[in-house]
Structures are given as C-alpha cells and as structure tokens.
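> Predicted model and sequence follow; I will ask about them next.
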Amino acid sequence: MASRVSALRGLVRLLIVAVCTTNTQAFAPGAFVGQKTRWSSSIATKLPPPPRRNWSSSISSSISPSLYGSRHRQESLKPRIEAYAKKTMTINTARAALDTALQSSLSSSEASDSSRPKFLATLDRRTVTAYLSAAAFCLLDVIFRRALASANISFPSSLAGCGFLFAALLALPKKVSKKVFDMLNPGAGVLAKWLPVFFVPSLVTLPLAPSMGAATELLKVGVVIVGGFFFTLLTTAWSVVAIRKVVSSNDAMPKSSGTREMVQETQADSKDIGESVKDIAQDAVTVVTDASDTFAEERDIAPKAFSDELFYSLLALTAAGGVGSAATILLGVSSVAQPATALFLLSTTLSSFVFGARLPKRLTKIVHPLVTCTAMTWLTATAFATVTGQSFRSMLKSYRTGSLALTTTGAGDLLLFLLGPAVVSLAISMYDRRQLMRENLSEVGTAVSVSTLGGLFGTALAVRLLGIANPSLRLSLLSRNITSPLAMAIAGILGADLSLAVSMVVVTGLIGANFGASILDAFGINDAVARGLGIGAAAHGLGTAAFVNEKDAFPFAAIGMALTASAATVAVSIPLLKRMLLQIALGW
C-alpha cells in the first residue's frame, strides 16, 4: 500500500507541473512591470512542459482497481476522492491566490508606472462600496433601535439586529443569501477594522468615572480580572476537550460485524488518498507563501495596518481642526465652537489610533493601539485645554456629551454610535462560519454555555467573596470577558459604569493577547478547537486577534467571541437571570 500511495503522489505532483507550466508566461520575468524575481525564473526554467491534463479526472482514472481490491470499492471511493479534492485548495486556486498576493504587493509599492492609476481607480471603487455597505449596517441599527423603543422593549437593538440578520441569511434561498452576504461583507470588514477605536471614548473619559478606592480595592480588582481570565480560559477549553472525547468515542463505535473490516479498509484507503491531495495543497500554499515573501523582500515592502495616505490625511485634518477650533473658542464664536472641537478631537482619536496600529508588531504586543490612542488623546486634550484656557475635565466632558445633535455632539458620541452597527455586522462573521458551527455544534454549544454562565455567575461570586466595596465596580467586572460593544450593553442593563466596564474588558483582552497562547501551551491544551473557543470566550476580540496565525484555531476564536458575547447579553436581559446575578454580586 505504501508504494502505491507513493506512486500516486508522484503522479499527482506531475500533474502540478502540468498545471503550473501552462501559465509560465504569467510568472515570467517582466510580467509585473518589468520586475524580475528569483522564484518566477526558477519556475519558468526548471519545470518541463508535460501535456495539459485535467488533474482531478487524472487522479480518478490513473488509480488501478487493485489499489482498492475491487472495481466496486473503486467506484464507492470516487465520491470520497472528489470530496477531498473539493475541500482542498486546487492548483488553480493557488495560482489565483498567488496572482492576488503579487498584485497587492506591487500596488503597495511606491513605483510610478502605468498600472498604478488603474489600480487606484479599482481601489477607490472598492472603498466606496465598502463604506456604503457599512452605512447599510448603520441604517439597520437605527431601524431596530427605533422599533424596539416604540415597542417599549428593553433589549439591545444592535443585538436584535444581529440576530435578525443572521436568521434571515439562514432562511433565505442560498442564491439570495449569497448576494446579500457579498453586498454586506465589505462593510463588515470596514467596521471590524475600526472596531477597537469605537470604545476608545469610554477609556478617554475614564478619569470622570467614580474612584475605585484604595490600593487594596485595586488589588482585589486585579485578582478578579487575572483569576477570572484563567478560570474562563481553562474551564472553556477543558470542557471542549472533554466533549470532543465523548463525541470521538461515539463515532468510534464498531460497525456491524459483516461490514466492519471492509469499512476500515475503505477508510484507510480514503485517508491515504486524502493525505496525497492535502500534500498537493500544502505544496501550492508553500509556493504562494514563498513567492509572496520573496517579492516583498525584493521590493522592500513593510506591511502596515493602515496606508500612509490615510495616516497623513488624518494628521493634516487634526492640525487644521486644532487651529480652527482654537480660533473659534478664542474669538468667542460659540455657535460653532463645539462642532469644531468635536471634529478636532475625532480626527485626533482616529489619527492616534492609526499611529498606534502602524507601530511594529513586537511593540503593539506590549502596548496595544488602544493604549496609545487613549494616551495621545489625553495629551492632545491637555495641550488644547492649556491653549484655550479650559480645564482637562471640561475637555473630557465635551468629548462625550451624550447627544448626537449637530451643535452639541462630541467626538466620543460619534464613535460610540458606530458600536451598534459593528455589533449588527457580527451576523456576517457568524454566517460566514456557519459550516464550522454546524460541524462542531456540540463543542460550540458547550463552550458558549460554560463561558457565559461561568463568566457571569463565577465573577459575581468572586466580587462578593472578595468584598469589593464599590457596588458599581462590582457590576462593572461582570462583563470582563465580553467584547466591548456588548460589554457596554450589559453594563447599561445592570446599571454599571460604562467607562469602568470597558477598562476591565481592555485589561482582560491585553492579558489574553499577550499570554493566552502560552497559558494554553503550559496546560497542555493543543486541540485547535479547544484553544480557539477558549481564547475567544476568555479574551474576546483582542485575544482572538492574537490567534490569527493559528489557522485552525482562529475561526473558532471568532465564533467563541461572538456567541459568548451574544449569549451573555441575552442572559442578563432575562429578568430572572438578571435578578439572580445582582443578588449574588451585591448580596441583596
């Protein structure tokens, strides 16, 4: 069997050569604006041009019936072979991904050539489409907000919109759902990219929040945050590991004695063929990765979260806004002073966030862009208050006024408004991963139940046992492991301080982003599903982003983050559970 599988792999790799060499001209030197690359010349010169063949049909036709034992078994295994082929990246897909990576790398360079204006025109169209899609989420959020308000329903409108959109995508015909998904997906990407900056206002106005108390109180808060992170991370991951063992043992139950041996042999043969196809896919991915890295090295391209054009445009807007708003205050033009100041502080927040996100990755692992953004906004507000003769606290009060009226709104109010659409857009992320959720329904359900109930009621018990004196501080800690948009919704439902609640969430996320993977490794949790669901449930968005390089775990981290936050918000919206939670936390 080993020799036959080896022969099969050799045949399939020969087919890789056939497919790759049919388009060697696309990778020839000079194909991309005259830039010669090491990898393209090696492909063009070293690979012979065998005849072009259909690789998937060649796999099926080239395998002799003896490999399966009978023609009947060969026919029965053909669907399995085709399923593996469909689920695995084909060579054409790899080549398309390579083309995309190369074009992206080329467009990021500063070379001035004839292809750049065309690319920029395409980029502008995509940007406009993305922001129009994001505006659609804003409209949905406003519609649900007004509908729930008119019906006197006390429930987060953004979460209601998220649930409705997700259910609608599942219920609609597949073709219609795909069109809706394709239309809204760019906007969801925009909102996800800017999501962290939407809860910066709660951090900026943190000095206005009630005092946490003495140093002992701060120590108790630290114990709850760190201990709670360990508790949620490990209990969620271990519960997933346990349920996977149960499910695996059930799947491993013996078949009927008459067919058991044949089924085992069939599965073994299918596994060998699947491994061959997976090897091909891995080879293709390696080609794409190596070629993209080589091209980036030759062009000296450094990946950046945001473009130079955006960063310098925001800086220019900040400088102009600062001069204009200072002039309106000093000249006594009160009618436009607040809108001008709001525009100035908004551009300050956005530019400082972009600056923090563009810092080297080794630095952002230590100092998150949220911290950089908050600190720079404080410094700018202090300097502006000094120039205009105001106090720092008055600047923070104007930063977030609690109104969206044009003449009275603040920069923080505009950013907080976008939290609702960002929550609605989570429906797109969940729909995109619906197959993963369906295939791992028991694991996902277990993780969400453990992290939601354990996180809420376990934290409530901890703050009561530790005797934290400030009731608002106790309630602000209950949403420590919930992603910030919904943590703020939970804080509003429970009557906690929003700024304190968000600060607890950010600290928890920073712990997960920096130490989550190491903690899971230390406890021997290597299962990708358990790792992803654990970190997503324990450290929300910041922890999820830190797992982007763990390709198998990352999707489950996103699922765990979204579903845990949604389930926790629904739980505290139920009067009975809310009353029980408050009784445990406050000792009523």
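Okay, I see it. Here the structure is a predicted model, which is why all the values come from computation and not from measurement.

> which parts of the helix or strand where residue 217 lies are buried?
Element membership for residue 217, per DSSP states H and E: helix 215-251. Residues 217, 220-221, 224-225, 228-229, 231-237, 239-241, 243-244 are the ones in helix 215-251 that count as buried (16 or more other Cβ atoms under 10 Å). Placement of C-beta: from N, CA and C, glycine included.

> Now do stretch 227-235: everything it contacts.
Under the criterion Cβ atoms under 8 Å, 6 or more residues apart in numbering, residues 450-451, 454-455, 458-459, 462, 477, 480-481, 508, 511-512, 516, 519-520, 523, 525, 534-535, 537-539 lie in contact with stretch 227-235.

> Using ChimeraX, define a selection of the buried residues within these.
Here is the ChimeraX command that selects the buried residues among the contacts of stretch 227-235 (16+ other Cβ under 10 Å):
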select :450,451,454,455,458,459,462,477,480,481,508,511,512,516,519,520,525,534,535,537,538,539
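
> Now, the contacts of stretch 227-235 that are in helices?
Among these, the members found in helices (DSSP state H) are 450-451, 454-455, 458-459, 462, 477, 508, 511-512, 516, 519-520, 534-535, 537-539.

> now the helix or strand containing residue 500: mean pLDDT?
Using DSSP H and E, the element containing residue 500 is helix 498-522. The pLDDT scores in helix 498-522 average 87.

> again, but for stretch 200-209
Here the average pLDDT along stretch 200-209 is 84.

> Give me the residues contacting it.
Stretch 200-209 has contacts (Cβ under 8 Å, 6+ apart) with 349, 353, 370, 373-374, 377-378, 381, 392-393, 396-397, 399-400, 411-413, 415-416, 484, 488, 497-503, 506.

> try 6 Å
Contact partners of stretch 200-209, identified using Cβ atoms under 6 Å, 6 or more residues apart in numbering, comprise 349, 373-374, 377, 396, 399-400, 412, 415-416, 497-500, 502-503.

> what comes up buried for that stretch?
For stretch 200-209, a neighbour-count test (16+ other Cβ under 10 Å) marks 200-206, 209 as buried.

> And for stretch 432-440?
The neighbour-count check on stretch 432-440 (16+ other Cβ under 10 Å) flags 433, 436-437, 440 as buried.

> swap in stretch 324-344?
For stretch 324-344, by 16+ other Cβ under 10 Å, it's 325-326, 328-329, 337-344.

> can you list the residues that contact it?
So stretch 324-344 is contacted by 321-322, 387-388, 398, 409-411 (Cβ under 6 Å, 6+ apart).

> Got a PyMOL select line for the buried ones in these?
Of those, the buried ones go into a single PyMOL selection, burial set by 16+ other Cβ under 10 Å:
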select buried, resi 321+322+388+398+409+410+411
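
> ok so, going back, the helix holding residue 500 vs helix 215-251, what angle?
Angle, helix 498-522 to helix 215-251, by axes from the mean of the first three to the mean of the last three Cα atoms, to 10 degrees: 50 degrees.

> Need the pLDDT of residue 191.
The model reports residue 191 with a pLDDT of 88.

> For it, which three-state class applies?
Secondary structure, DSSP: H, G, I helix; E, B strand; the rest coil: residue 191 is helix.

> Would you check that it makes contact with residue 422?
Yes. The pair residue 191 and residue 422 passes the contact test of Cβ atoms under 6 Å, sitting 4.5 Å apart.

> Among the buried residues of stretch 432-440, which one lies nearest to residue 313?
residue 433 (34.1 Å; Cβ to Cβ).

> can you give me phi and psi for the closest one?
Here is the backbone geometry of residue 433 (degrees, to the nearest 10): phi -110, psi 20.

> doesn't residue 158 make contact with residue 423?
Yes. Taking contacts as Cβ under 6 Å, residue 423 lies within contact range of residue 158: 3.7 Å.

> Could you check which of those two is surrounded by more residues?
With neighbours defined as other Cβ atoms under 10 Å, residue 423 and residue 158 compare such that residue 423 has more, 31 against 25.

> give me the element that one is part of.
Taking DSSP H and E as the criterion, residue 423 maps to helix 419-424.

> same check, this time on residue 557
Using DSSP H and E, residue 557 maps to helix 554-573.

> shaky segments in the stretch 1-150 of the chain?
In the predicted model, the stretch 1-150 of the chain carries pLDDT under 70 at residues 1-124.

> same check, this time on the stretch 401-550 of the chain
Nowhere does the stretch 401-550 of the chain drop to pLDDT under 70.

> Export stretch 399-409 to CSV, keeping only CA atoms.
C-alpha atoms of stretch 399-409 as CSV (Å, rounded to 0.1, in the frame of the first residue of the first chain):
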residue,chain,number,x,y,z
TYR,A,399,-15.6,64.8,24.3
ARG,A,400,-18.6,62.8,25.3
THR,A,401,-21.8,64.8,25.8
GLY,A,402,-24.4,62.0,25.4
SER,A,403,-26.1,63.8,22.4
LEU,A,404,-26.0,63.2,18.7
ALA,A,405,-27.3,66.7,17.8
LEU,A,406,-25.1,68.5,15.4
THR,A,407,-24.4,71.5,17.6
THR,A,408,-23.8,69.6,20.9
THR,A,409,-22.4,66.2,19.9
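
> What residues of it count as buried?
399-401, 409.

> cool, and stretch 140-150?
Buried positions in stretch 140-150, judged by neighbour count with 16+ other Cβ under 10 Å: 140-141, 144-145, 148.

> Excluding its own residues, what touches it? List them.
With Cβ under 6 Å, 6+ apart as the test, stretch 140-150 has contacts from 157-158, 160-161, 420-421, 424.

> which of the residues you listed sit farthest apart?
160 and 421 (13.1 Å).

> what about the strands in this protein?
Counting by DSSP state E, one finds no strands in the chain.

> Which residue, other than its chain neighbours, is closest to residue 451?
residue 537 (3.4 Å; Cβ to Cβ, 6 or more residues apart in numbering).

> and what of residue 209?
Among residues not flanking residue 209 along the chain, residue 499 sits closest, at 4.2 Å (Cβ to Cβ, 6+ apart).

> what about residue 160 and residue 421, which has more around it?
Neighbours per residue, other Cβ under 10 Å: of residue 160 and residue 421, the larger number sits with residue 421, 25 against 18.

> For that one, give its distance to residue 161.
9 Å (Cβ to Cβ, to the nearest Å).

> Mind jotting down where the helices sit in the stretch 201-350 of the chain?
Under the criterion DSSP state H, counting those that start in this stretch, the stretch 201-350 of the chain contains helices at 215-251, 260-299, 308-330, 334-357.

> Could you check how far residue 354 is from residue 341?
Taking Cβ to Cβ, one finds residue 354 at 20 Å from residue 341.

> again, but for residue 171
To residue 341, residue 171 is 46 Å away according to Cβ to Cβ.

> And for residue 149?
Going from residue 149 to residue 341 by Cβ to Cβ gives 29 Å.

> and what of residue 486?
30 Å.

> And for residue 390?
Distance, residue 390 to residue 341, using Cβ to Cβ: 10 Å.

> Restrict stretch 442-449 to CA atoms and write it as CSV.
The C-alpha atoms that make up stretch 442-449 are tabulated as CSV, following Å, rounded to 0.1, in the frame of the first residue of the first chain:
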residue,chain,number,x,y,z
SER,A,442,-21.7,20.2,20.5
GLU,A,443,-18.3,21.8,21.1
VAL,A,444,-19.5,25.3,20.3
GLY,A,445,-22.6,24.9,22.4
THR,A,446,-20.7,23.5,25.4
ALA,A,447,-18.1,26.3,25.2
VAL,A,448,-20.7,29.1,25.0
SER,A,449,-22.7,27.7,27.9
